[in-house]
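Visitor: One predicted model, sequence on top.
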Amino acid sequence: MRLAIRVDASSDIGSGHAVRCVTLAKALQQALKADNILLKVDVVITRGADMLNDAFKAAGFSVIYVNDIHCDVSHIKADIWIVDHYQLDAEFETPLVKSGALVVVIDDLANRQHNCHLLIDANLTNNAEHRYNTLVTQNCVQLIGPKYALLREEFYHVQKKMVPRTSNHILICFGGSDPTNTTSMALEALKEVKDLPLTADVVIGAGNTHKQIIIEQVQLLDKVTLHIDSQNMAELMCKASVMIGAGGSMHWERCICDLPGLIITIADNQREATQCLASRYACEYIGHVTSVNREVIAAALRNYFVKNGAETATQKRLNKIVPLDGGAASVSKEIIYLINTKKDERGFTIEEH
């Protein structure tokens, strides 16, 4: 059986889309393996948007290049397509549906039409259950909410890692690429609160275009450790007492690890979910990156560690937001259910390879 993933990863786009697609593909491979079905995976990427090519190949996936985002992909044969791209919509998806493939879309914007059999949006918003009703076909299965966050497997074993948190220890991460270089701003903020006995872990991706600047900043700070392409993010989250970071998928990683957050949104599409979480005391929203500076971050840190005291405990039981029985395994079960029982009804057939 063949799976094709249409996704891009670059310093501008970030790596989050690609990471969650890889997570789902691996979970689906594992689930089908139990039925003695081999799932081969092709990743279709735009030339130049290949920041995670090494990760794709390390996972055993083949990489196929197209010249631009909207390129026709009819020459790529697949039984299942996963499409995770903000610039692709029903116009791209319809030929895939007509080809007989099962089409899965991952989205979190709800700002365009989709033609797919299954849609996944892990965001927590005030109108989450209804915002795709006019954007997908009537028989499209919608998996909505943080239960379906496509987190790496390590996060679903996090309860085994839970230990008493290191007091006054923070985690700084704004995603793998961090195009706004908010990481550097947060490191500058640490200088503003050097009277506090803080230690920190800092996580960036190898493709971060500001990597050298960040390395030099960390070298000038005491008790700050830099991690590049960390493979133990859950462990780092369980160690910290608070995180300075962005919105997006890291919200759900942070919540499942029960880690309070001081959040700066670095993209407009991160604002709604962050505001919703802040209203539920699941984070403190410092503001959008365009309105935040190192003094604002420093004040938030000082407020968290000095002034708030016991009140910071309002950010607790965050792991109730992202249940341990969800994620890629749950989504895989839905995909397999569609393959096995909904073929005739939904008009697609699955060819064994």
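Guide: That came through fine.

Visitor: tell me, how many neighbours does the residue lying closest to Gly248 once chain neighbours are set aside end up with?
Guide: Leaving aside its sequence neighbours, Gly248 sits nearest to Gln270 (CB to CB, 6 or more residues apart in numbering; 5.3 Å). The C-beta positions use only the backbone N, C-alpha and C, and glycine is treated the same way. As a burial measure, Gln270 scores 22 neighbours (other CB atoms under 10 Å).

Visitor: wait, isn't Gln270 in contact with Gly247?
Guide: Yes - if you go by CB atoms under 8 Å, Gln270 and Gly247 touch, sitting 3.1 Å apart.

Visitor: And stretch 179-193, what's buried?
Guide: Buried residues in stretch 179-193, counted by 16 or more other CB atoms under 10 Å: 179-190, 193.

Visitor: give me every residue that touches the residue lying closest to Arg2 once chain neighbours are set aside.
Guide: Spatial nearest neighbour of Arg2, chain neighbours left out: Ala78 (4.7 Å); criterion: CB to CB, 6+ apart. Counting by CB atoms under 8 Å, 6 or more residues apart in numbering, Ala78 makes contact with Arg2, Leu3, Ala4, Asp42, Ala101.

Visitor: If we only consider those residues, which is nearest to Arg254?
Guide: The nearest member of those to Arg254, counting by CB to CB, is Leu3 at 29.0 Å.

Visitor: before we move on, what SS does the closest one have?
Guide: Recorded secondary structure, Leu3: strand (DSSP: H, G, I helix; E, B strand; the rest coil).

Visitor: from memory it sits against Val83, does it?
Guide: No - Leu3 is beyond contact range of Val83, at 11.7 Å (criterion: CB under 8 Å).

Visitor: I'd say Ala122 and Trp252 touch.
Guide: Yes - contact criterion CB under 8 Å: Ala122 and Trp252 qualify, at 6.2 Å.

Visitor: so what's in contact with these two at the same time?
Guide: Each of Pro146, Ala149 lies in contact with both Ala122 and Trp252 under the rule CB under 8 Å, 6+ apart.

Visitor: if we can go back for a sec, now for the contacts of Ala78, which pair is the farthest apart?
Guide: Maximum distance among the contacts of Ala78 (CB to CB): 12.2 Å, for Asp42 and Ala101.

Visitor: Who has more neighbours out of those two?
Guide: Neighbour count, other CB under 10 Å: between Asp42 and Ala101, Ala101 has more, with 24 against 20.

Visitor: what ranges do the helices span in the stretch 251-353 of the chain?
Guide: 271-279, 294-302, 327-341, 343-346 (DSSP state H, counting those that start in this stretch).

Visitor: For the stretch 51-200 of the chain, give me the ranges with low pLDDT.
Guide: In the predicted model, the stretch 51-200 of the chain carries pLDDT under 70 at residues 159-163.

Visitor: mind listing the helices for it?
Guide: 53-58, 90-98, 182-192.

Visitor: Quick one: distance of the longest one to the chain centre.
Guide: Mean-position distance between helix 182-192 and its chain equals 23 Å (CA atoms, centre = their mean, to the nearest Å).

Visitor: got the contact list for it?
Guide: Residues from elsewhere that reach helix 182-192 (CB under 8 Å, 6+ apart): 172-174, 198, 200, 202, 204, 208, 210, 213-214, 217-218, 221, 224, 244, 246, 264, 266, 289, 292-295, 297-298, 301.

Visitor: picking that back up, could the helices of the stretch 251-353 of the chain go into JSON lines alongside mean pLDDT?
Guide: Below are those laid out as JSON lines (pLDDT from 0 to 100):
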{"stretch": "helix 271-279", "mean pLDDT": "93"}
{"stretch": "helix 294-302", "mean pLDDT": "96"}
{"stretch": "helix 327-341", "mean pLDDT": "91"}
{"stretch": "helix 343-346", "mean pLDDT": "51"}
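
Visitor: Of all the ones you listed, which one comes closest to Leu318?
Guide: With CB to CB as the criterion, Leu318 lies closest to helix 271-279 of the helices of the stretch 251-353 of the chain, at 8.8 Å.

Visitor: Please point out which parts of the closest one sit buried.
Guide: Neighbour count says helix 271-279 has Glu272, Ala273, Thr274, Gln275, Cys276, Leu277, Ala278 buried, by 16+ other CB under 10 Å.
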